[in-house]
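# this one's structure only:
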Ligand code: GAR
């Protein structure tokens, strides 16, 4: 079966990208192939990870374009050139417009570091999510992989995993455990699930 072409969008350290790259090299992503890594920050370490893995990578920064539509047009152009069929937001911290998300219905995945619908939506990203969870005093937290639609963190939920919050957790320790025990496991699983779905749909059409 023809593999699903995947583009991974990143903004930072790229540990979730690394989990996808590692899954691909150990054969745990048999239905997909990562063909492009796109960053909205030139200094993102995720780009170095892509380079080391020999994957095509590019930085497209909002500040180099007059407005958001022009920035998104540049992203779309790069994605089209790569032939990407599935987009994975792996710590991509720019919010995509409805015009953008409508072009890829059920074709954009996002990983969010909480159990949606808790601590999600505009303003909840990275460490802030864990600060809010600890402030609220929740006893479990975790991660969610969901499809992306026009509502920030509002698309259909695909996978979730929960872990206990420990009494002495700091935002940093909670973030680390959620990454290691939830995010890096869930994201490659979801990538394979959806890649297989897309590959089967293509086969059925041909
Ligand atoms: C991850 O924890 C990811 O879940 C989160 O940013 C971090 C990126 O780390 N994403 C969000 O908060 C999205 N709302 P990484 O660059 O090491 O993968």
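Everything's here; your move. Nothing here was measured: the structure is a model prediction, and the numbers come from that model.
# A strand includes residue 182, no?
No: under DSSP: H, G, I helix; E, B strand; the rest coil, residue 182 sits outside any strand and is assigned helix.
# residue contacts, it?
By CB atoms under 8 Å, 6 or more residues apart in numbering, residue 182 lies in contact with 113, 142-143, 161-163. To be clear about C-beta, it is placed using only N, CA and C from the backbone, and glycine gets the same treatment.
# Counting only strands, which of those make the cut?
With strands taken from DSSP state E, the overlap with those comprises 142-143, 161-163.
# mind checking the end-to-end distance for stretch 149-158?
End-to-end distance of stretch 149-158: 13 Å, with CA to CA, to the nearest Å as the criterion.
# ok so, going back, can I get the ones in strands among the contacts of residue 182 in JSON lines including pLDDT?
Output for the ones in strands among the contacts of residue 182, formatted as JSON lines (pLDDT from 0 to 100):
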{"residue": "142", "pLDDT": "98"}
{"residue": "143", "pLDDT": "98"}
{"residue": "161", "pLDDT": "98"}
{"residue": "162", "pLDDT": "98"}
{"residue": "163", "pLDDT": "98"}
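# Closest to the ligand out of those?
Set against the ligand, the nearest of those by CB to the nearest ligand atom is residue 143 (6.3 Å).
# Identify the residues contacting residue 203.
Each residue near residue 203 by CB under 8 Å, 6+ apart is listed here: 1-2.
# Can you mark which positions in the host helix or strand of it are buried?
Take DSSP states H and E as the rule and residue 203 turns out to sit in helix 184-205. For helix 184-205, a neighbour-count test (16 or more other CB atoms under 10 Å) marks 184-196, 198-199 as buried.
# Stretch 82-101 too?
Neighbour counts over stretch 82-101 (16+ other CB under 10 Å) mark 82, 84-92, 94, 96, 100-101 as buried.
# out of those, which are inside strands?
Using DSSP E, 86-89 are the members of the buried residues of stretch 82-101 that sit in strands.
# Just put these in CSV and tack on distance to residue 148 and pLDDT.
Formatted as CSV, those follow (distance: CB to CB, whole Å; pLDDT from 0 to 100):
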residue, distance to residue 148, pLDDT
86, 11, 98
87, 8, 98
88, 10, 99
89, 6, 98
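# how near is the residue in the chain that the ligand sits nearest to to residue 13?
When scored by CB to the nearest ligand atom, the chain has residue 91 as its residue closest to the ligand, at 2.6 Å. Separation of residue 91 from residue 13 (CB to CB, to the nearest Å) stands at 7 Å.
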